[in-house]
Every structure is written in C-alpha cells, then in structure tokens.
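Colleague: everything below, folded, please.
(chains A and B)
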Amino acid sequence: MTVKLILRGKEYQVKPGMTLLDSLRKMEILPEGIIATRNGEMILEDEILKDGDEVKLIAVISGGEV
Amino acid sequence: MKCKTCGQKAVVNMRQHRLALCKEHYLEWVPQQTARFIKKYWMFGPDEKILVAVSGGKDSLSLWDILHRLGYQVDGMYIGLGINEGIGYSEESHRLTEKFAIERGLTLHVVDIEKEYGHSIPTLAERTNRGQGRPCSVCGMVKRHEMNRIAHDMGYDVLATGHNLDDEAAVLFGNTLTWSKEFLLRQKPVLVEHDGFARKVKPLCRFYEKEMTAYAMLRGIEYIYEECPFSVGSTSIYYKELLNRLENERPGAKMVFYLKFLDARENGLFADDVNVVPPPLFNCPKCGQPTMYEGKCSFCRLIEKVSL
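Modeller: Numbers count the residues shown, from 1 in each chain, chains lettered A, B, ... in the order given. All right, here's what the predicted structure looks like:
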C-alpha cells in the first residue's frame, strides 16, 4: 500500500509515514501553489500521510491578462 | 498545527503572518481583514453602490461573497467572452456565476460580447491580428471598456475586481523588470474616478492566491477550476511561479515586495511624476467613454475594424 497524491489528473505515489511537506518536496511540487485535501478536508503540510491515503492537490494559480 | 485563536486543528497556515487558523476562525478573519483594507486604502463607504466584476473564478466570486457578508450594496457583472476551446470555458464560468447569484439572491448583470458586438473575444483577436495568437490583450481591453460602461450607465459608485496579492506582485515584477514607470505609477489598490473613468478598487490585493482558494473552498463556493485555455503558459503565470519559488525559501517575500512598493510610492518614489499634469482626455464620439487620443477609442476602433 502507498499514499496517492493527485494533481490535475496526474498521480504520484509516496511511502506512508511521510509528512505532506516531504511528499511535495519529493514530487518537486511547490507547497505555495497547491492546497491539499484528504477525504474532502483541507490538510496542512505537517500532516503525516497514512497508508491508503488519497490526497487531492488543488492548484491555486490562475492567470492571463491582469 | 493548531488554530491560533481556539487551539483546534488548523486548516490554513499563513507563514508570512505566522498565523494558522481553523475553518471557523479563518472564515471570520478574511472578511475582517478585507474590511480593514477597504478602510485603510479609502476604497468605499457603507452607502456606496459597488459593482463586482465576476469571472466565475475563485477570487471574484469570493470577493462578491465577502462584500455581501460585510453588508455592502453589491451587485455583480459577468462578461461573456465566448471562449470555448473545446471545454466550453465561458459557458461553464457563466453557469457558475449565475448559480452563485441565484443561490444568494444577488443581482447579476450579464454582457455577452458576441451578442452585443457580433464577435467573440478569440474572433476579435484573430481578425485584428492582435496578441500573436493569444487574445489576452484584446480580452483585457474589451473587459476594461465594458466594465467602465456598465458601472457608468447603471450608476455604480465603484467597480471592484478580485485581484489578489499574487496577481499584483506578478504585475509589479513584470513592470520592474522593464522599469515601466507609467505602469508602476498606476498600480494601486484604488484608482480614483476621473474624467469618465469609474473608481476601481482591489479589496483582495493583500491576500495570497492560496488564501483566496482556501476561502472559496471553505465557503463551499463552486468556481471554475479550469484555467482560461489562453492563459496556459502566459507570462503572468510564469512570474507567479517564480515568486512562489522565492516565497517557498523566504516566507513573506512576495508580500514584502508588493507592500514595500506601495510604501515607497507613498513616501515619494514617484513624487516628481505625480505632480506632472496628465494630458487632457477626449470623449470617444461613438461610445462617449474617455480616450487618450482624439477620435474613436481603441475599443470602438477594434469593433469597427472587425465589422468592415
């Protein structure tokens, strides 16, 4: 079993027991650019990810003509 | 991480403020801070009529929600741009905006560019060869014209947009790279009304984009998550990513960058230029809106060119 992180339809897998921050670093995802949710609840970077967790990462950046 | 106010589990952590909050206290904190910024920058008073430009995105819908919660007289305006690109972008953003307004019993004005002027934004850009395949500059110009027209015609005192700190820092970064003094001079939380231009305000200009996303999610606001298809790969997004890399290493860096710029201007950075009397404006003989040059404004010239 692993922890699954999903960002814009792309899946990443990390080992359980890591914090969200360490997982994001491993995947080279900037924490400033995402919000993480697990079971519909927002979680913070110090959250320890457990076996079987599915974490949805919501991209926060939008752009174009400002 | 614990909420600084109540000690319950925090859901938002703002490293630049050394502040973590739970859902309940975050949803109280955001309107409180917005009210503080409105007052600090003299944006508008409690009796003024506000028009919020809404796109269906997280920032503008959140702004409308916050101003409504704060008790302001606030209506919305949605501009249908006619952007489809295989994902029905404009259709979906319109649907979400209508849904938001109906659920809260708020008034929404809708302007459909194609119905009003015969052409969608991508067609206007394509037929005038503007923007090198990217209609963002045409889109910005058309939106500015229409926002000002509706605010003026419908008697609103002020036009509010959902620009957040990341938007402002990205614009500032771009204008600093090129030392575009005239743009730097105009970048403010409030642009006062003058010569037919409505007052424009940015009440969210001190919130990070991540904070506004968190607000929309925690309030259960359904917003368009998909990026405007034309903004993918845009310079503004690239600058935001660069600034976020800096923020990751130095929490608070992008906030300091923007706020110190506002302070520097307040303390006379552009003092020589502020005293220069701007050239007189003209009125467009077609639409009546102010324009920098004699004759038709750039919006009317664009529509005329495409209609020939």
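Colleague: the bottom helix or strand of chain A by mean pLDDT?
Modeller: strand A:10-14 (a mean of 93; mean pLDDT, DSSP states H and E).
Colleague: quick one: strands adjacent to it?
Modeller: strand A:3-7 (antiparallel) (DSSP bridges).
Colleague: circling back: gap between the least confident helix or strand of chain A and the chain center?
Modeller: Here strand A:10-14 is found 9 Å from its chain centre; the criterion is C-alpha atoms, centre = their mean, to the nearest Å.
Colleague: show me what the helix or strand just after that strand is packed against.
Modeller: Once strand A:10-14 ends, the next helix or strand along the chain (criterion: DSSP states H and E) is helix A:20-26. Secondary-structure packing of helix A:20-26 (3 or more C-beta pairs under 8 Å, 6 or more residues apart in numbering or on different chains; DSSP states H and E): strand A:3-7, strand A:10-14. Every C-beta, even on glycine, is put in place using the N, C-alpha and C of the backbone.
Colleague: let's see that with 10 Å instead.
Modeller: Applying 3 or more C-beta pairs under 10 Å, 6 or more residues apart in numbering or on different chains; DSSP states H and E, we find helix A:20-26 packed against strand A:3-7, strand A:10-14, strand A:34-38, strand A:54-59.
Colleague: just the element for the residue lying closest to B:Y89 once chain neighbours are set aside, please.
Modeller: Nearest non-adjacent residue to B:Y89, counting by C-beta to C-beta, 6 or more residues apart in numbering or on different chains: B:I83, 4.6 Å away. Assigned by DSSP H and E, B:I83 belongs to neither a helix nor a strand.
Colleague: surely B:I83 meets B:S90?
Modeller: Yes. Between B:I83 and B:S90 there is a contact under C-beta atoms under 10 Å: 4.7 Å.
Colleague: compare those two (neighbour count), which wins?
Modeller: B:S90 (25 against 20; other C-beta atoms under 10 Å in any protein chain shown).
Colleague: in which helix or strand would I find the more buried one?
Modeller: Counting by DSSP H and E, the element that carries B:S90 is helix B:89-104.
Colleague: now B:V171
Modeller: Assigned by DSSP H and E, B:V171 belongs to helix B:165-177.
Colleague: may I see the buried residues of that helix?
Modeller: Along helix B:165-177, these residues count as buried under the neighbour rule (16 or more other C-beta atoms under 10 Å in any protein chain shown): B:L165, B:D166, B:D167, B:E168, B:A169, B:A170, B:V171, B:L172, B:F173, B:G174, B:N175.
Colleague: same list (the residues you listed) but as JSON lines, adding distance to chain A and pLDDT.
Modeller: Converted to JSON lines, the buried residues of helix B:165-177 look like this (distance: C-beta to the nearest C-beta, whole Å; pLDDT from 0 to 100):
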{"residue": "B:L165", "distance to chain A": "12", "pLDDT": "98"}
{"residue": "B:D166", "distance to chain A": "7", "pLDDT": "97"}
{"residue": "B:D167", "distance to chain A": "5", "pLDDT": "96"}
{"residue": "B:E168", "distance to chain A": "8", "pLDDT": "97"}
{"residue": "B:A169", "distance to chain A": "10", "pLDDT": "98"}
{"residue": "B:A170", "distance to chain A": "7", "pLDDT": "97"}
{"residue": "B:V171", "distance to chain A": "5", "pLDDT": "96"}
{"residue": "B:L172", "distance to chain A": "10", "pLDDT": "97"}
{"residue": "B:F173", "distance to chain A": "11", "pLDDT": "98"}
{"residue": "B:G174", "distance to chain A": "9", "pLDDT": "97"}
{"residue": "B:N175", "distance to chain A": "11", "pLDDT": "96"}
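Colleague: closest to A:E28 among these?
Modeller: If you rank the buried residues of helix B:165-177 by distance to A:E28 using C-beta to C-beta, B:D166 comes first, at 20.1 Å.
Colleague: would you agree the closest one is in contact with B:L242?
Modeller: No. With contacts counted by C-beta under 10 Å, B:D166 stays clear of B:L242, the gap being 11.2 Å.
Colleague: list residues touching both of those two?
Modeller: The contact sets of B:D166 and B:L242 overlap at B:K254 (C-beta atoms under 10 Å, 6 or more residues apart in numbering or on different chains).
Colleague: what does chain A put close to chain B?
Modeller: Taking C-beta under 10 Å from any C-beta of the partner chain as the criterion, chain A approaches chain B at residues A:8, A:24-25, A:30-35, A:37, A:40-47, A:58-66.
Colleague: so what pLDDT did the residue nearest to B:Y89 get?
Modeller: B:I83 carries a pLDDT score of 91 in this model.
Colleague: same deal with A:E65?
Modeller: A:E65 is assigned a predicted lDDT (pLDDT) of 44.
Colleague: what residues are up against the residue nearest to B:Y89?
Modeller: Contact analysis of B:I83 by C-beta under 10 Å, 6+ apart lists B:89-91, B:93, B:113, B:120-122, B:135, B:139, B:228-230.
Colleague: now B:Q132
Modeller: B:A125.
Colleague: and the gap between it and B:A125?
Modeller: Look at B:Q132 and B:A125: by C-beta to C-beta, to the nearest Å, they are 9 Å apart.
Colleague: same question, A:D51
Modeller: Relative to B:A125, A:D51 is positioned 50 Å away (C-beta to C-beta).
Colleague: over to A:E28?
Modeller: In terms of C-beta to C-beta, A:E28 sits 35 Å off from B:A125.
Colleague: do the same with A:E32
Modeller: For A:E32, the distance to B:A125 - C-beta to C-beta - is 32 Å.
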